[in-house]
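Peer 1: Sequence first, predicted coordinates after that:
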Amino acid sequence: MLCACSGEQFKFDEPQQSPESLATRDFSASGLSSRTTGDWESKLEDIQVDEAESTLKEALSLNYEEARALLGRLEYQRGNLEAALQVFQGIDIKVLTPKMIKAIVERIHYRKPRSKGEIGPPSVMSMHSVSLLVEAILLKAKSLEELGRHSEAAKECRIILNIVESALPNGMPEGIGEDCKLEEMFHKALELLPALWTKAGLLDEAIASYRRALVRPWNLDPQILAGVQKELASMLLYSAVEAWHPLPASPQSSIEEAILLLLVLMSKVARGEIKWDEEIMDHLTYALSIVGQFELLAEHVEQALPGVYTRAERWYLLALCYSAAGQNEAALNLLKKVSGCSESKNKPHIPSFLLGAKLCSQDPMHAQEGINFARKVLDLADHQNQHFIGQAHKCLGICYGNAARVSLSDSERFLLHKESVNSLNNAALNRNEDPEVMYSLGLENMLQRNLGAAFDNAIVCSEMMAGNTVKGWKLLALVLSAEQRFRDAQTVVDFALDAAERIEQFELLRLKAVLQIAQEQPKQAIETYRILLSLIQAQRDIQAKNPEQAHILKSEVLAERNLELAAWQDLADIYTKIGSWGDAKICVDKAKLMEFHSPRSWHSTGILFESQSLHKEALVSFSVSLSVEPDYVPSIVATAEVLMKLGTQSLPIARSFLMHALRLDPTNHEAWLNLGLISKMEGSLKQAAEFFQAAHELKLSTPIQSSM
């Protein structure tokens, strides 16, 4: 008979019962049956059974459950999962759980380490027995896992956590694992449980298990603890499960909780507590990108230890962060360092040059720098980098087009326009399935008044995008407006509205209103603007009720604000044209309240004064507009018009204003028209006729967007 450490006894001379025969077939009252000793040794030649042998030698006796735990371990180590599982099934953990909890509590209470063989009070199980049984539960869970029964395995593994948490509600004290393997087995269970729930497809349970491992101090190794935190953050980010945290003052969303975990991990990396893990940075990049916290992301890129990134890589990542945050100038300054003298001896960083070309293509003032960046990519990229080559040609074409529009030389402008179309055509050859290339090519052809080619490009772009974005439809509407087909353009806009997202709907509504103005439908345009402003206000009310999401929609909020400003300015011009000066002033005042230093708002104020024959007041308003933006062409042309009305002595000054406007925008038909009027007033009828003809042709090919 073997007496149990828990006080229970088991008699091996009793009739054997299946599946108990697996546990008892190799044991006798003396510990090992002499009948089976030789067979026992042969079975264990290739198995690690040092601890099992130590237990058998040192323990005064084995009870029934311990015998099953040992034999189950041996069967598991030999790969006999079904046999091991059958052995473990005979251990009644429910009955033993209170005793195991009591044993752990007593161990912590007295804090007197005992040897493995020492027997505690008759009513208290030894810690070694507890460890043996916990290991049995863990091996049972692993056996079920390998057999594909993940949900059952998780439930078994959860028993270990329940036992230890019941005994140690304040966490694992130091020193408990010195003379037993309880702490080691518990740590393995903490790591295994969420993995089992994940394999079972129960992500809510997996997240709860990860949190369970983190909510108390369990003496986990810092690297293992970091792994648990990283896995939880990863699941919160990518599982598409919104798992609310049950604790008070907890994060408000899964993304917020994930970000907090990742920030904790990054601080540990910075302090040297854990090793650098690029996955942590990848997850943090994704998470902060979702919520629009690009400047915070830049801070953590800067905090990365030397050697993690090369200088070019660090500058490139920082440039990505700042450009995403809308700080393109800061991003360009960093990218210029990559192409600077300090990096001349290092391997060229092509992605940095390509990003620089892309950012420069968004601002005509950086057109020449963008051309230089794009040419570097084309010089460095080989035939294997077709993606880089295609993108470089696209950025090069856009930059050439932007450079043409700010060029003051007609010959240079002609050459730049030609280079722009050639580069975009090369991009189309390299990226023949890229709708963005066709969009850029169509836009450039439209701006150069190549309306037939622009129309074909817009159709191809729309077909490529297959209704997934309204850019293609919007381009088509603009091309149709340049052909004076306003009704068809409005039909395209109405069609695009059905497929548009919120911010795109706002842009399309404004375009629709401008088309209605072009068709001399001011009442319909005013109604469209009313709808647009009411939708923007409704969206603002929603954002006010959800302030925690304000930073997520920062870019959209800015776009909505700009659209609202443009809507008030458009309405002011409409009311001015129909003679409703009071309404026009209200709209202008609202626009100035939103952006006092907007050149267009002051331009609209001047137009309002001019319509009331208040020429001096109009000149003052146009002067304010030009003081804010000296190259604002509409105010330059409007100033010339007012000067023309003040008498013939002002005609030379007016002419100089118009010539300056044409240097900035050679396609401005109003400037050509006014030059014709000046020539007619001066008696140069032939020259006036040429100017009128140019104005007429440009007006017939001017897209509606240029008047927006």
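Peer 2: All right, it came through fine. Numbering: from 1, shown residues only.
Peer 1: if I've got this straight, residue 176 is in a helix?
Peer 2: No: counting by DSSP: H, G, I helix; E, B strand; the rest coil, residue 176 falls outside a helix, being coil.
Peer 1: if I look at it, how far off is residue 126?
Peer 2: 14 Å (CB to CB, to the nearest Å). All C-beta atoms are positioned from the backbone trio N, CA, C, and that covers glycine.
Peer 1: More neighbours: which of those two?
Peer 2: Between residue 176 and residue 126, counting by other CB atoms under 10 Å, residue 126 is the more crowded of the two (23 against 20).
Peer 1: Show the pLDDT at that one.
Peer 2: Residue 126 is assigned a predicted lDDT (pLDDT) of 83.
Peer 1: for residue 247, same thing?
Peer 2: Listed pLDDT for residue 247 reads 67.
Peer 1: what does the one 3 residues further on give?
Peer 2: The pLDDT attached to residue 250 in the predicted structure is 70.
Peer 1: likewise the one 10 residues further on?
Peer 2: pLDDT, residue 260: 92.
Peer 1: separation between it and residue 268?
Peer 2: According to CB to CB, residue 260 stands 13 Å off from residue 268.
Peer 1: can you pull the buried residues of stretch 76-90?
Peer 2: Going by neighbour count (16 or more other CB atoms under 10 Å), the buried part of stretch 76-90 is 76, 77, 80, 81, 83, 84, 85, 86, 87, 88, 90.
Peer 1: Test my guess that the first one contacts residue 138.
Peer 2: No: under the contact definition of CB atoms under 8 Å, residue 76 does not touch residue 138, with a separation of 9.9 Å.
Peer 1: Pull the number of nearby residues for residue 501.
Peer 2: That count, for residue 501 with other CB under 10 Å as the rule, works out to 10.
Peer 1: Please shift the residue numbers so they start at 17 in all later answers.
Peer 2: That works, and once the first residue is 17, the last one we named lands at residue 517.
Peer 1: May I have the helix or strand hosting residue 220 exported as PDB, CA atoms only?
Peer 2: Element membership of residue 220, judged by DSSP states H and E, is helix 219-230. The C-alpha coordinates for helix 219-230 follow below in PDB (Å, rounded to 0.1, in the frame of the first residue of the first chain):
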ATOM      1  CA  LEU A 219     -10.500  35.200 -29.500                       C
ATOM      2  CA  ASP A 220     -12.400  36.800 -26.700                       C
ATOM      3  CA  GLU A 221     -11.200  34.100 -24.300                       C
ATOM      4  CA  ALA A 222      -7.700  34.500 -25.700                       C
ATOM      5  CA  ILE A 223      -7.600  38.200 -25.000                       C
ATOM      6  CA  ALA A 224      -9.000  37.600 -21.500                       C
ATOM      7  CA  SER A 225      -6.300  35.000 -20.900                       C
ATOM      8  CA  TYR A 226      -3.500  37.500 -22.000                       C
ATOM      9  CA  ARG A 227      -5.000  40.100 -19.600                       C
ATOM     10  CA  ARG A 228      -5.100  37.500 -16.900                       C
ATOM     11  CA  ALA A 229      -1.400  36.900 -17.300                       C
ATOM     12  CA  LEU A 230      -0.700  40.600 -17.000                       C
END
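Peer 1: so how far is the helix or strand following that helix from its chain's centroid?
Peer 2: Later in the chain than helix 219-230, the nearest helix or strand by DSSP H and E is helix 238-254. The chain centre lies 19 Å from the centre of helix 238-254; the measure is CA atoms, centre = their mean, to the nearest Å.
Peer 1: buried ones in helix 238-254?
Peer 2: Buried residues in helix 238-254, counted by 16+ other CB under 10 Å: 240-253.
Peer 1: For residue 276 and residue 284, indicate the residue with more neighbours.
Peer 2: For residue 276 versus residue 284, neighbours defined as other CB under 10 Å are more numerous around residue 284 (19 against 16).
Peer 1: can you tell me which residues contact that one?
Peer 2: 238, 242, 290 (CB atoms under 8 Å, 6 or more residues apart in numbering).
Peer 1: and the first one, what does it touch?
Peer 2: Just to be clear, that refers to residue 238. Counting by CB under 8 Å, 6+ apart, residue 238 has contacts 284, 289, 290.
Peer 1: Which ones among these lie within helices?
Peer 2: residue 284 (DSSP state H).
Peer 1: Is it possible to get JSON lines of the contacts of residue 238 that adds pLDDT and distance to residue 209?
Peer 2: Shown next, in JSON lines, are these (pLDDT from 0 to 100; distance: CB to CB, whole Å):
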{"residue": "284", "pLDDT": "91", "distance to residue 209": "23"}
{"residue": "289", "pLDDT": "90", "distance to residue 209": "25"}
{"residue": "290", "pLDDT": "90", "distance to residue 209": "22"}
